[in-house]
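*Asks:* got a predicted structure plus its sequence, pasted below:
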Amino acid sequence: MSSEPDPNASRAGSWGAAFLTTFTTVFLAELGDKTQLAALLLSAQSGRPVVVFVGASLALISSSLVGVLLGRWLAKVMPPQQLERLAGILMVALGLWLGRQAVLGLVPSPSDLPLS
Amino acid sequence: MPFALLASTFATVFLAELGDKTQLAIVTISGTSTRPGAVFAGSSAALVLASLLGAAAGGSLSAVIPTNALQLAASVGFLVIGVRLIQRSSSPEAEESSAD
């Protein structure tokens, strides 16, 4: 992934900051995600955890790549300010949705285990 | 290496992730970051590590890790990034906050 010449150096965050922000956000969200892990656990019981792990990792890396490429494409086709505003709204929406799920999970709901 | 199991796991996880909130976050972060390589490295590492922990902890993951608390923390992370993006988009080049 050759990084294109940075048009506006002052906007360039350090590589580490971008890595850390993405890592923590995605890691927390993914670890808390019950559904994805359940799928993984089911296939892990196939007695070949290594194969399952390799398959899952390749899939996760590919889906990250798809996500990053899609993001880059959006950055090319959309005016930066508009993309930033839309991205901000999407992230806030995701945050609220995740927060709601977490709070629902924390508050013991009378009905049975809410399958999120 | 039983290819069938590998392929079925790949397909299951890839489809499960497609359009998942983490992928949406990855699209958003990479679209507004000047470091797509770092975003790719960070997201891949996070996803693989999270699934490794999940697989390693076996069935007892939620007993071991308070997943709801983690989701709450993740939601705060999303909100912070989202608010900063909105701020940055509304104040164009006025105040230069580093784009991470």
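*Replies:* Nice, I can see it.

*Asks:* next helix or strand past the lowest-mean-pLDDT helix or strand in chain B?
*Replies:* Counting by mean pLDDT, DSSP states H and E, chain B has its least confident helix or strand at helix B:61-64, which shows a mean of 64. Next along the chain after helix B:61-64, taking DSSP states H and E as the criterion, comes helix B:67-90.

*Asks:* the residue nearest to the spatial centre of chain A: which element?
*Replies:* Compute the mean C-alpha point of chain A, and by Cα atoms, centre = their mean the closest residue is A:V26, 4.3 Å away. Counting by DSSP H and E, the element that carries A:V26 is helix A:15-31.

*Asks:* what do you get for B:L15?
*Replies:* Going by DSSP H and E, B:L15 is part of helix B:3-17.

*Asks:* buried set for that helix?
*Replies:* For helix B:3-17, burial by neighbour count (16 or more other Cβ atoms under 10 Å in any protein chain shown) applies to B:L5, B:L6, B:S8, B:T9, B:F10, B:T12, B:V13, B:F14, B:A16, B:E17. (Each C-beta comes from the backbone N, C-alpha and C, glycine too.)

*Asks:* just those that are near chain A?
*Replies:* B:L5, B:L6, B:S8, B:T9, B:F10, B:T12, B:V13, B:F14, B:A16, B:E17 (Cβ under 8 Å from any Cβ of the partner chain).
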